[in-house]
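S.K.: below is the sequence, then the predicted model.
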Amino acid sequence: MKKITTLAASVLAVSALSTSAFANTFTDYREARAGYQALSNQLETMGYQADEVNLDGANTFGQKESVYLEKTGELQAEYNKLNASY
């Protein structure tokens, strides 16, 4: 009985940790996507049309977050150029 209780406690602990890690990764992805969308919308008001983000090959939320962060960096460079010309 002691082993079953220990095993059950271990399974619950691992489940809680993996759920927490998944939630953090998903939240980071959503924040990166929202940041890209906000900057894209701002640039659209300035006359710049941002490309759609291609997530082909990005299978995890971490990979998708990296794609959005890279694209956000590109948009930030465009914003800086456009803003300097005003």
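M.R.: Yep, that arrived.
S.K.: can you pull the contacts of Leu39?
M.R.: Neighbouring residues of Leu39 by CB atoms under 8 Å, 6 or more residues apart in numbering: Ala50, Thr72, Leu75, Gln76, Tyr79. Glycine gets a C-beta too; all of them are placed from N, C-alpha and C.
S.K.: could you say which helix or strand contains it?
M.R.: In the assignment (DSSP states H and E), Leu39 maps to helix 2-45.
S.K.: now that helix: average pLDDT?
M.R.: Averaged over helix 2-45, pLDDT sits at 75.
S.K.: between all of the contacts of Leu39, which two are separated the most?
M.R.: Spatially, the most separated pair among those is Ala50 and Gln76, at 11.3 Å (CB to CB).
S.K.: more crowded one of those two?
M.R.: Set Ala50 next to Gln76 and count neighbours by other CB atoms under 10 Å: Ala50 wins out with 18 against 14.
S.K.: check the secondary structure at the more buried one for me.
M.R.: Here Ala50 is recorded as coil under DSSP: H, G, I helix; E, B strand; the rest coil.
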